[in-house]
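Novice: How does the following fold in three dimensions:
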Amino acid sequence: MKKRDIKDFSRSELEAWLKEHSIAPYRAGQIFKWIYIRQADSFEEMTDLGKELRALLEENYTIARLEKANVEISSDGTRKYLFRLSDGEYTESVLIPGKDRKTLCISSQVGCAQGCQFCLTAKGGFKRNLTAGEIAGQVRDILFDLPMDEDAAETEKPFQNIVFMGMGEPLANLSQVLTALSIITDGDYGLRFSSRRVTVSTCGLVGRLAELGEKSQVNLAVSLNATENSTRNTLMPVNTTYPIETLLGALEDYPLRQREKITIEYILMEGINDTDADAERLIRLLRPIQAKINLLPFNEHEGSEFKRPGDAKVEHFLQKLHDAGYTAIVRKSMGQDISAACGQLRANQIKQQTEKD
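Specialist: Predicted structure coming up:
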């Protein structure tokens, strides 16, 4: 029997398994604390568990680490991790420094099936979903790579924010993402990140938005990138199923906490979506929604047909949003001296392997 990674379980799922084996459910909290807070690599280390329970866990489960295939460190402090998974596939995580806090960008799939034309990850196609353990493992293993005291204050963690903005579409792997979120935001025994510090970004899979809002309290970000359907249909095939009007209608109904806003991500591409008319349509479209806007000048990469607008154009677009009363920022691309584009490190690895073969 192939052993399963115990990190694929939520705490409630592990409690249920223990109960089936006539073991007190509270033991799940102890096991979680060893795995996620104390960073244990074996069940034998779990000295507050009886020998019989440790043996039972060892018989059924592993505590898997992701294999670091490559780590690139930028001059600006950005760290990009390429992880080799147990089946030989690769996924990426990026640690991004900020003015006051650091953010970890994690992946939810190997590749992506959404086919967005501007996205390098999409060029490599879709391979498979990540398991909950592989998703939460990115956070756990990077914390392990950048160790800190168990009782360190929140602000002393190696990173304070987590965003699901890496490889893959999180809502296309929602069940595993929800399990991973329960581990990441478990404040007692899990990875102990506040749900207010975690953001899930989607291209707009409207059919799964309600479930995300119902079963989690994390922040929502939506990649919009166009203000009329013909352009968005070309850029993002998901729009042919869920056009802009349908998406924005779902966002109007999305449950938000007090003072919370949905982040609208808008990648500015020269001559595609960066005109005054685009800015004015965006202003009108978002009026019914509690929204803030992240402008992302396109991150150019080899083989891409899209270009980054000039700084003056970006600032002009931003100013129009500010003048209309929106909270809006330009998100600076980090790690420009390393494989900065999402999916680029994996693409480079696959290219190298192909050339060797």
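Novice: now Arg54: how far from Ala312?
Specialist: 63 Å (CB to CB, to the nearest Å). In short, each C-beta sits where N, CA and C put it, glycine included.
Novice: Comparing the two, which shows the higher neighbour count?
Specialist: Arg54 (17 against 8; other CB atoms under 10 Å).
Novice: quick one: contacts for the nearest residue to the more buried one once chain neighbours are set aside?
Specialist: Leaving aside its sequence neighbours, Arg54 sits nearest to Phe43 (CB to CB, 6 or more residues apart in numbering; 4.7 Å). By CB atoms under 8 Å, 6 or more residues apart in numbering, the contact set of Phe43 is 49, 54, 57-58, 61, 63.
Novice: any idea how far Ser74 is from Phe43?
Specialist: 38 Å.
Novice: Now the residue positioned nearest the centre of the chain: phi and psi?
Specialist: Taking CA atoms, centre = their mean, the centroid of the chain lies closest to Phe164, which sits 1.2 Å from it. As for Phe164, its main-chain torsions (degrees, to the nearest 10) stand at phi -90, psi 80.
Novice: roughly how far apart are it and Cys203?
Specialist: For Phe164, the distance to Cys203 equals 12 Å [CB to CB].
Novice: Would you map the strands across the stretch 201-350 of the chain?
Specialist: Residue ranges of the strands in the stretch 201-350 of the chain, as given by DSSP state E, counting those that start in this stretch, are 219-223, 262-268, 291-297, 328-330.
Novice: Distance to Ala122 added to those, as a markdown table?
Specialist: Below are the strands of the stretch 201-350 of the chain laid out as a markdown table (distance: least, CB to CB, whole Å):
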| stretch | distance to Ala122 |
| --- | --- |
| strand 219-223 | 12 |
| strand 262-268 | 13 |
| strand 291-297 | 16 |
| strand 328-330 | 24 |
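Novice: now the helices: where do they sit in the stretch 251-357 of the chain?
Specialist: 276-285, 311-323, 344-356 (DSSP state H, counting those that start in this stretch).
Novice: Now for the contacts of Phe43, which sits with the most neighbours around it?
Specialist: Sorting these by how many neighbours each has (other CB under 10 Å) puts Leu57 first, at 24 neighbours.
Novice: what's the helix or strand for that residue?
Specialist: Leu57 belongs to helix 51-60 when assigned by DSSP states H and E.
Novice: hang on, the earlier thing: would you list the phi and psi of the residue nearest to Arg54?
Specialist: Phe43 adopts backbone torsions of phi -70, psi -20, taken as degrees, to the nearest 10.
Novice: and it, how far is that from Asp141?
Specialist: Per CB to CB, Phe43 is found 18 Å from Asp141.
Novice: which residues in the stretch 101-250 of the chain form helices?
Specialist: 120-123, 132-145, 174-184, 209-215, 229-235, 244-253.
Novice: I'd like the average pLDDT over the third one.
Specialist: Mean pLDDT, helix 174-184: 98.
Novice: Kindly export that helix (C-alpha atoms) in CSV.
Specialist: Taking Å, rounded to 0.1, in the frame of the first residue of the first chain, the C-alpha atoms of helix 174-184 are listed here in CSV:
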residue,chain,number,x,y,z
LEU,A,174,-11.1,24.3,-5.3
SER,A,175,-11.5,21.3,-3.0
GLN,A,176,-7.7,21.0,-2.5
VAL,A,177,-7.3,24.7,-2.2
LEU,A,178,-9.9,24.9,0.5
THR,A,179,-8.2,22.1,2.5
ALA,A,180,-4.9,23.9,2.1
LEU,A,181,-6.5,27.2,3.2
SER,A,182,-7.8,25.5,6.4
ILE,A,183,-4.2,24.4,7.2
ILE,A,184,-2.7,27.8,6.3
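Novice: Which strands or helices does it pack on?
Specialist: Contacts defined by 3 or more CB pairs under 8 Å, 6 or more residues apart in numbering; DSSP states H and E place helix 174-184 against helix 11-20, helix 132-145, strand 198-202, helix 209-215.
Novice: contact partners of the longest one?
Specialist: By CB under 8 Å, 6+ apart, the residues outside helix 132-145 that reach it are 5-10, 35-36, 39, 64-66, 68, 81, 83, 85, 91, 93, 95, 104, 106-108, 157-159, 162, 176-177, 179-180, 183-184, 191, 193.
Novice: now with 6 Å?
Specialist: Residues from elsewhere that reach helix 132-145, judged by CB atoms under 6 Å, 6 or more residues apart in numbering: 5, 7-8, 39, 65-66, 93, 106, 108, 176, 179-180, 183-184, 191.
Novice: What are the buried residues along it?
Specialist: For helix 132-145, the neighbour count (16 or more other CB atoms under 10 Å) marks 132-143 as buried.
Novice: pLDDT below threshold where in the stretch 151-300 of the chain?
Specialist: 151-155 (pLDDT under 70).
Novice: Now with 50, please.
Specialist: Residues of the stretch 151-300 of the chain meeting the criterion pLDDT under 50: none.
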